[in-house]
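Colleague: I'll drop the sequence and a predicted model, then ask my questions.
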Amino acid sequence: MLYFSLTERKEKNMTPEILDLLFPNKLPSVDEILAKYPPRQLPEGARVMRVAPSPTGKMHVGTLYQALLAERAAHQSGGVFYLRLEDTDQKRELAGAAELIISSLARYGIKLDEGIDANGNDKGNYGPYTQSQRKEIYQVFAKSLAEKGLAYPCFCSAEDIEMRRKIQTKQGLRPGYYGSHAKCRNLTDDEVLSNLKAGKPWVLRFKAPGKYENQIVVKDLMKGNLSLPENDMDIVILKSDGLPTYHFAHAVDDHLMGTTVVSRGDEWLSSLPLHIQLFVALGWKPPKYAHLAPIQKIDDGNRRKLSKRLDPEASITYFWEHGYPEEAQVEYLLNLLNASFEDWRRANPTLPAFDFPMNFSKISNTAGALFDFVKLHSIAREVVARMSAEQVYEATLKWAKEYKTEYATLLESNREKCIAIFNIERGIGAKSRKDLFKWEDAEHETEFFFNRPTYDESLLAPMTHEDIQKVAADFATIYDSADDNQAWFAKVKQVAEQNGFATDMKAYKADPSGFKGSVADVAKILRVAITGRTQSPDLCSIMKILGKEEVAERLKI
RNA sequence: GACCCUAUCAUCUAACGGUUAGGAUACGGCCCUCUCAAGGCCGGUACACGGGUUCAAAUCCCGUUAGGGUCGCCA
């Protein structure tokens, strides 16, 4: 590719004296490190991909989105998927965040070949997989860049940087540490030496070889060819605490760990020229890149990236709290990644979502999809409708144990009854009930089975109390919980007939005045008496679960 | 401000020079029906705008506009 021309670089080597002051500790050699990371032996076309979150708090939906893509693309190619913890910003790190990320991936069935296991131990031969534990490795490569004169120490303070930025902005210049603005790039050896000897804090900057006026062309697996300006910013590669910045860690780690395709958010697009320069400077071949647009939401009429701070739904725990089935979230995200998912799902209703063939070239490369709860709900309805009553019960119980313990107790002490409830109008394929799609709603579905509702006759207006009472009483005398649906409905009709209600809806509609109401009204009386609601699932099934005695009790109006 | 990405129904999107611009969700109607949820059938709604190129443009090119992103010792 074009960018290899950048390797033609001759910089003055750094003096050994400066190098020793910069890196006083004894470090392994570049070759010693490289020897520990042999090229992976994988079949042709196998992709090595990773998810590389930083443990700064909540687990973002975007991380799951990224992980889903990388895991599928890697494993479906016969490759490797691993996790790397990008914890080089110690200021922002939050306790427990790493554990949350790892357990979250497991929760969604995303399998890591390498990375960190549930106990926090490293797994795999290309570790450590936590960047803060790789400090020495970065130092080795940073030192080698410095040695060749491709990196230099910078003594500018935060105030210096801020001042420079202000002046640049005021003058209408591009802000940044580049060209003549890169003050420390041209420090003499004596100046550097005296600064170091005076103990001045420093960072290591990359000596950018690019010219902003020049364009490079880079191929992105999802976006195609991109034309970007060369990087001329002398960015920081080693911070004053000795840890690398993202840019440098990316180059070092993804090379050593053998990543073949880097998939990440498209906010990295503008630093891509820099990353390629870093790979080239280190003498390595850059990986392939796949930049994905972030999930957005609409806010005040404007689209914006889902924000952890502003949007509760940006954090995946939001979906746990509300009891969304994990499969539904996975399917929704897969669908967002690649809208042909739903066609595939219709053609393969019983396969696990993970069997969906992910194809880079078919991934939406648009500006970023809007997070759509309505669509998520619709997918969740389908997912739940495919589950058995036992599965619904177990999932609801698992949710309740974590978020609603009283309900969990009720579920546990009424296992069979609850499964029977969840089984109403279930398992009949496409016609299965689809009202339950998140576990937090289950309690409402089961509530009246456990608490006798208070009878509210106003729901039955304008029917008279006498008629209502008579209908309920008549039905109670002939009800048999052994009746199947057909026999049950025949009895409803019988009661209708006895009480002057139409049994034939067509006849009723043709002449409503000839009847007190229709068979639908009879059912409504029974429904209100039994459930306390005007709407419910199949009444016959409900009565069967309640049993003859309880039905009789509730029909006493 | 500079640079980059993106632009098809309300939403997610298909189309890869020739389609009555397709699907899904949502919405409306009808059917089914013991209510609801479903299910079945039907329906309305889209190529941001302006120029080119071409016999032919949603598709290719240029510009405009709009949205998003980046320009940190954050990732």
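Modeller: Okay, I see it.

Colleague: For stretch A:205-212, buried residues please.
Modeller: Neighbour-count burial for stretch A:205-212 flags A:205-210, A:212 (criterion: 16 or more other C-beta atoms under 10 Å). All C-beta atoms are positioned from the backbone trio N, CA, C, and that covers glycine.

Colleague: count of neighbours near A:F489?
Modeller: 15 (other C-beta atoms under 10 Å).

Colleague: before we move on, the earlier item: CSV please, covering the buried residues of stretch A:205-212 and showing distance to A:R309.
Modeller: Listed next are the buried residues of stretch A:205-212 as CSV, based on distance: C-beta to C-beta, whole Å:
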residue, distance to A:R309
A:R205, 31
A:F206, 31
A:K207, 36
A:A208, 32
A:P209, 37
A:G210, 34
A:Y212, 33
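
Colleague: quick one: A:W202 from A:K219, how far?
Modeller: Distance of A:W202 to A:K219, given as C-beta to C-beta, to the nearest Å: 37 Å.

Colleague: Name the residue in these two with the higher neighbour count.
Modeller: For A:W202 versus A:K219, neighbours defined as other C-beta under 10 Å are more numerous around A:W202 (20 against 11).

Colleague: got a list of what the residue nearest to the more buried one when sequence neighbours are not counted touches?
Modeller: Once flanking residues are discounted, A:W202 sits nearest to A:P153: 4.2 Å by C-beta to C-beta, 6 or more residues apart in numbering. A:P153 is in contact with A:18, A:22, A:146, A:184, A:192, A:195-196, A:202-205, counting by C-beta atoms under 8 Å, 6 or more residues apart in numbering.

Colleague: so is A:P153 in a helix, a strand, or just coil?
Modeller: Per DSSP: H, G, I helix; E, B strand; the rest coil, the local secondary structure of A:P153 is strand.

Colleague: Alpha carbons only: can I get stretch A:530-546 in CSV?
Modeller: Below are the C-alpha coordinates for stretch A:530-546, written out as CSV (Å, rounded to 0.1, in the frame of the first residue of the first chain):
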residue,chain,number,x,y,z
ILE,A,530,-62.3,-13.9,37.6
THR,A,531,-59.5,-11.5,36.8
GLY,A,532,-60.7,-8.1,37.8
ARG,A,533,-59.8,-6.9,34.3
THR,A,534,-61.6,-6.4,31.0
GLN,A,535,-58.6,-7.9,29.2
SER,A,536,-56.8,-11.1,29.8
PRO,A,537,-55.4,-14.2,28.1
ASP,A,538,-57.7,-17.1,27.4
LEU,A,539,-60.3,-17.3,30.1
CYS,A,540,-60.8,-21.0,29.9
SER,A,541,-57.1,-21.6,30.7
ILE,A,542,-57.2,-19.2,33.5
MET,A,543,-60.1,-20.8,35.1
LYS,A,544,-58.5,-24.2,34.8
ILE,A,545,-55.4,-23.0,36.7
LEU,A,546,-57.5,-21.4,39.4
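
Colleague: Report the buried residues of that stretch.
Modeller: A:530-532, A:536-537, A:539-546.

Colleague: so, in contact with RNA strand B or not, that stretch?
Modeller: Yes. Contact between stretch A:530-546 and RNA strand B, assessed by C-beta under 7 Å from any atom of the strand, occurs at A:534-540.

Colleague: how about the residues of the stretch 1-150 of chain A that lie near RNA strand B?
Modeller: A:52-54, A:86, A:88-89, A:91-92.

Colleague: RNA strand B contacts on the stretch 451-557 of chain A?
Modeller: Checking the stretch 451-557 of chain A against RNA strand B by C-beta under 7 Å from any atom of the strand, the hits are A:485, A:489, A:492, A:505, A:519-520, A:523-524, A:527, A:534-540.

Colleague: Equivalent analysis for the stretch 301-450 of chain A, please.
Modeller: A:302-305, A:335-336, A:339-340, A:342-343, A:362, A:364-370, A:372, A:374-375, A:378, A:381, A:425, A:430-435.

Colleague: which residues does A:Q494 contact?
Modeller: A:I478.

Colleague: is it fair to say it lies in a strand?
Modeller: No. Secondary structure of A:Q494 (three-state DSSP): helix, not part of a strand.

Colleague: Skipping adjacent residues, who's closest to A:N359 in space?
Modeller: A:N338 (7.1 Å).

Colleague: Next, give phi and psi for A:I110.
Modeller: phi -90, psi 110 (degrees, to the nearest 10).

Colleague: Any chance of the buried residues of stretch A:205-212 in JSON lines with secondary structure and pLDDT as columns?
Modeller: Shown next, in JSON lines, are the buried residues of stretch A:205-212 (DSSP: H, G, I helix; E, B strand; the rest coil; pLDDT from 0 to 100):
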{"residue": "A:R205", "secondary structure": "strand", "pLDDT": "98"}
{"residue": "A:F206", "secondary structure": "strand", "pLDDT": "97"}
{"residue": "A:K207", "secondary structure": "coil", "pLDDT": "96"}
{"residue": "A:A208", "secondary structure": "coil", "pLDDT": "95"}
{"residue": "A:P209", "secondary structure": "coil", "pLDDT": "93"}
{"residue": "A:G210", "secondary structure": "coil", "pLDDT": "89"}
{"residue": "A:Y212", "secondary structure": "coil", "pLDDT": "91"}
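
Colleague: Now tabulate the residues you listed in TSV and tack on distance to RNA strand B.
Modeller: Below are the buried residues of stretch A:205-212 laid out as TSV (distance: C-beta to the nearest atom of the strand, whole Å):
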residue	distance to RNA strand B
A:R205	8
A:F206	11
A:K207	15
A:A208	12
A:P209	17
A:G210	12
A:Y212	8
